[in-house]
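Peer 1: Below are the sequence and a predicted model for it; my questions follow.
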Amino acid sequence: MKRFFLFGFLPIALACMSQDGLAQCCGDKADCGCAEASVTPELPVGQDKIRVLFIGNSFTFDATEHLPGILKAAGITNFSMERAFHGGYTLVGYNENFDDPKVCMRYKYEPGYDEWDGNKVYKNENCNSSLTAFWDSGRPYDIVVLQEYTGRKYAWDGFEESQVGIDAVKGLMEKVKAMQPEKEPVFVYLMSQVFATGSERLVNWFGNDRGRMYAAIVGHTKQVLEQTGIKYLISTGTAVENLRTTSLNVDNGMDLSRDLFHLDKGITRYTANCTVFESILGPCVGRTMDGNSYRFSTSDTSKKNYTTPVTDCNAPIALEAARKAIEKPLEVTDLSNL
């Protein structure tokens, strides 16, 4: 098993990255310093029924929206998933308001669904659930995925607020474990994307330099993994940057976004969803995206809803961007040849 030293820093997450990009504990704890990580759960490989909870915001929405179609096309029936959504919300907010009955909207997926079940009017005034309520059934989750909102300093290295964000991750982990004391879930950190070139926040905070923002997100992500002991990372932010180096990033002023902020609803979302699938879902059931027939035919060129259809021609490029992000989760890969 290889040890990865990312950007010349200490090993992240008190763990080592395997060749498939998933963070795993080293065999020799004394050698790599991951004694704490070694006692945390592994992905539930081979389990008949697997419950997954995503906690996040509109970026989490982007990264998971195509999963029902992908799972159905693959004929995979192992997963029941839920998604806590609050637009523009931070993990700091979720940690502070875990019991608030209006902290989020709740979405559900069961095998055979074509899409997520839940309110289709994505407005925060429709938030009608606490996080506590997700455990009303009494059934524990096997995997819990946490995503910070990259529109705030809580997700940017180099700001005092970054440590507040990390402490919120720790707090949420403890609250989740308290909700299901009989079964500790596998915790996963979902790394968000960089804003598109020309985005107001990118201009104001990072001088319109995507590389600077990416470095800030990577730095924060490394600290999250190192300080929390989380072993599994879904690097959607890297997958999106990889995709932006390809021929699919046409000169239309959108930078593969739908509004200079969120992901294009078609090919860029698909790339992020491929990254989620091949990072945590596929490994549980021994499947990859190879041969998956799911496509998304919607096309829209309006600025706030820009959507590039997922086709047989561009889907392999998106999948390669995702796989390179899994292979090198905190480093952009130049795919300008694609």
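Peer 2: That came in fine, so what should we check first?
Peer 1: Phi and psi next, for residue 261.
Peer 2: In terms of degrees, to the nearest 10, the main-chain angles of residue 261 are phi -140, psi -60.
Peer 1: cool, residue 53 as well?
Peer 2: Residue torsions, per degrees, to the nearest 10, at residue 53 are phi -120, psi 130.
Peer 1: How about residue 138?
Peer 2: phi 80, psi 0.
Peer 1: just the one 5 residues further on next, same as before
Peer 2: With angles defined as degrees, to the nearest 10, residue 143 shows backbone torsions of phi -130, psi 130.
Peer 1: Show me the beta-bridge partners of it.
Peer 2: With DSSP bridges as the criterion, the beta-bridge partners of residue 143 are residue 52, residue 186.
Peer 1: What distance do you get for it to residue 296?
Peer 2: 25 Å (Cβ to Cβ, to the nearest Å). Backbone N, C-alpha and C define where each C-beta goes, glycine included.
Peer 1: And for residue 88?
Peer 2: As for residue 88, its distance to residue 296 is 25 Å (criterion: Cβ to Cβ).
Peer 1: Looking at the two, which has the bigger crowd around it?
Peer 2: Under the neighbour definition other Cβ atoms under 10 Å, residue 88 and residue 296 were set side by side, and residue 296 has more, 20 against 12.
Peer 1: Residue 222 and residue 330 touch, don't they?
Peer 2: Yes - the criterion here is Cβ atoms under 8 Å, and residue 222 meets it with residue 330 at 6.8 Å.
Peer 1: what about the two, which has more around it?
Peer 2: With other Cβ under 10 Å as the criterion, residue 222 and residue 330 differ in neighbour count, and residue 330 comes out ahead with 24 against 20.
Peer 1: In three-state terms, label that one for me.
Peer 2: Look at residue 330: counting by DSSP: H, G, I helix; E, B strand; the rest coil, its state is coil.
Peer 1: mind showing which ranges of this structure have poor pLDDT?
Peer 2: 1-39, 158 (pLDDT under 70).
Peer 1: who touches the helix or strand where residue 201 lies?
Peer 2: Under the criterion of DSSP states H and E, residue 201 resides in helix 200-206. Contact with helix 200-206 is made by 151, 156, 194-196, 208-210, 212-213, 216, 260-261, as judged by Cβ atoms under 8 Å, 6 or more residues apart in numbering.
Peer 1: ok, and for the next helix or strand along the chain from it, which residues are buried?
Peer 2: Next in sequence after helix 200-206, counting helices and strands by DSSP H and E, comes helix 210-228. Buried residues in helix 210-228, defined by neighbour count with 16 or more other Cβ atoms under 10 Å: 210, 212-226, 228.
Peer 1: next one: stretch 88-105
Peer 2: Of the residues in stretch 88-105, those buried (16+ other Cβ under 10 Å) are 89, 90, 91, 92, 93, 94, 95, 97, 98, 103, 104, 105.
Peer 1: show me where the stretch 51-200 of the chain has helices.
Peer 2: Read by DSSP state H, counting those that start in this stretch, the stretch 51-200 of the chain holds these helices, from start to end of the chain: 58-64, 67-74, 91-96, 161-179, 200-206.
Peer 1: An error on my part: the question was meant for the stretch 201-338 of the chain.
Peer 2: Under the criterion DSSP H, counting those that start in this stretch, the stretch 201-338 of the chain carries helices at the ranges 210-228, 236-243, 267-276, 282-285, 315-327.
Peer 1: Can you redo those helices as TSV, where the extra columns are distance to residue 117?
Peer 2: As requested, the helices of the stretch 201-338 of the chain are arranged in TSV below (distance: least, Cβ to Cβ, whole Å):
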stretch	distance to residue 117
helix 210-228	30
helix 236-243	23
helix 267-276	17
helix 282-285	22
helix 315-327	26
